[in-house]
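Colleague: 3D, please:
(one chain, ligands or ions: 1)
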Amino acid sequence: MRATLIYGAGDVRVEDVPDPKILEPTDALVRVVRSCVCGSDLWPYGARPTTEHGDRIGHEFLGVVEETGSDVSDLKRGDVVVAPFVWSDNTCDFCREGLHTSCRHGGMWGAEDVDGGQGEAVRVPLAEGTLVKLPVGEDSDLLPSLLTLSDVFPTGYHAAVKGGVGPGTDVTVIGDGAVGVSAVLSARRLGAERIVLMGRHRDRTDLGRDFGATDVVAERGAEGVAKVHELTGGDGTHVVLECVGLLPAVETAIAVVRDGGTISRVGAPQYEQVPMGFPEFFRNLTLTGGVAPARAYIEELLPDVLEGKIEPGRVFDRTIGLEEVPDGYRAMADREALKVMIRP
Ligand SMILES: [Zn+2]
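Modeller: Model (predicted):
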């Protein structure tokens with residue numbers, strides 16, 4: 001089959017790889033119907049050291065079950081399913097606590113003998129725990145929004161949940177990428193009152209407004225901080241959702257959070273340390289967030305998507321075929337596309 005491999009910074013290729021086969025009785029084979037490129041794929045795309053062999057890549061996909069192992073009883077051939085961005089058993093103590101990213105038996109897509117999501121098919125380990133059945137056909141108009149349940153929407157939702165967003169909360173969202181606007185949508189869903197979106201790409205912040213942002217701040221650094229203070233009577237907001245992953249974004253978060261407030265970060269950190277010294281201690285700030293256990297949120301978010309109440313799939317502004325994936329990476333890295341959907 002054809003699948004995507006990354007060889008180094010700026011070097012993504014679509015090549016022939018071995019067809020996946022059932023290896024464990026708990027496996028399922030899924031034919032990929034939709035996949036996509038993640039903002040976090042852009043980190044290796046920007047900086048991965050070049051190697052002779054490529055690594056499989058892609059961790060967001062939905063598709064159709066083609067075959068199941070002998071221990072898989074609640075999935076059958078023909079089921080349309082979505083996969084969260086890590087696989088997990090959904091039964092261990094961490095999974096039962098809703099922390100599937102720490103599953104005792106789980107793992108990542110594209111690692112060792114597990115396929116990446118940006119290909120024609122995937123061997124899904126621990127299929128019953130990992131996959132969530134979708135009550136739609138493989139030609140449904142809802143596929144883009146359902147695909148966001150794999151990562152980007154639950155990641156934004158995780159930011160808002162960990163930040164403690166609820167009715168009446170004032171929120172600042174830093175970053176107008178796909179996760180940032182998903183965090184806006186999530187904060188709105190949880191009842192936030194004021195949502196300030198910090199971002200400087202007009203088309204993205206416009207989508208953020210559609211998703212529920214009440215204010216947009218395009219300025220960055222000290223100017224951006226001053227703008228948020230101006231909008232919030234000098235105090236900042238109760239919660240800040242940091243959806244970038246770079247240190248300046250964290251510094252902005254600390255500067256625009258209200259005393260006693262919470263910074264929730266879901267941008268994959270490209271830094272080692274966070275400035276949480278005496279001044280932040282004195283302000284009683286909380287730092288939380290982390291990698292999103294997407295699997296824990298899918299059942300909760302699915303009904304709103306199926307009913308069309310929310311349309312998180314609007315983050316996709318380009319659809320490509322599998323052979324065009326290298327150009328899809330380039331388009332996202334160049335900020336030409338917000339998020340690229342792949343139709344193998
Ligand atoms: Zn587990």
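Colleague: drop to CA atoms for contacts and neighbour counts, all remaining ones
Modeller: Will do.
Colleague: Against residue 249, how distant is residue 257?
Modeller: Distance from residue 257 to residue 249, counting by C-alpha to C-alpha, to the nearest Å: 12 Å.
Colleague: higher neighbour count, the two?
Modeller: residue 257 (27 against 21; other C-alpha atoms under 10 Å).
Colleague: what sits against the more buried one?
Modeller: 172, 235-240, 263 (C-alpha atoms under 8 Å, 6 or more residues apart in numbering).
Colleague: try it again with 6 Å
Modeller: Counting by C-alpha atoms under 6 Å, 6 or more residues apart in numbering, residue 257 makes contact with 236-237, 240.
Colleague: cool, residue 154 as well?
Modeller: By C-alpha under 6 Å, 6+ apart, the contact set of residue 154 is residue 294.
Colleague: Also residue 157?
Modeller: Residue 157 neighbours (C-alpha under 6 Å, 6+ apart): 183, 186.
Colleague: Where does it sit: helix, strand or coil?
Modeller: What DSSP: H, G, I helix; E, B strand; the rest coil gives for residue 157 is helix.
Colleague: Up against the ion, what does the stretch 101-250 of the chain have?
Modeller: residue 103 (C-alpha under 5 Å from the ion).
Colleague: go again using 6 Å as the cut-off
Modeller: 103-105 (C-alpha under 6 Å from the ion).
Colleague: how far away is the residue nearest in space to the middle of the chain from residue 65?
Modeller: Residue closest to the mean C-alpha point of the chain, counted by C-alpha atoms, centre = their mean, is residue 152 at 2.5 Å. As judged by C-alpha to C-alpha, residue 152 and residue 65 stand 23 Å apart.
Colleague: need the contact list for the residue of the chain found nearest the ion.
Modeller: Proximity of the chain to the ion (C-alpha to the ion) peaks at residue 103, 3.4 Å away. By C-alpha under 6 Å, 6+ apart, the residues touching residue 103 are 88, 94-95.
Colleague: that older thread, what sits against the residue nearest to the centre of the chain?
Modeller: For residue 152, the contact set (C-alpha under 6 Å, 6+ apart) comprises residue 179.
Colleague: if you set the cut-off to 10 Å instead, what comes out?
Modeller: 38-39, 60, 84-85, 158, 177-183, 292, 294, 312-313, 315, 339 (C-alpha atoms under 10 Å, 6 or more residues apart in numbering).
Colleague: Likewise for residue 95?
Modeller: So residue 95 contacts 88-89, 101-106, 129, 293, 295-296 (C-alpha under 10 Å, 6+ apart).
Colleague: Residue 335: neighbour count?
Modeller: 12.
Colleague: A helix includes it, no?
Modeller: No - checked against three-state DSSP, residue 335 lies outside a helix; its state is coil.
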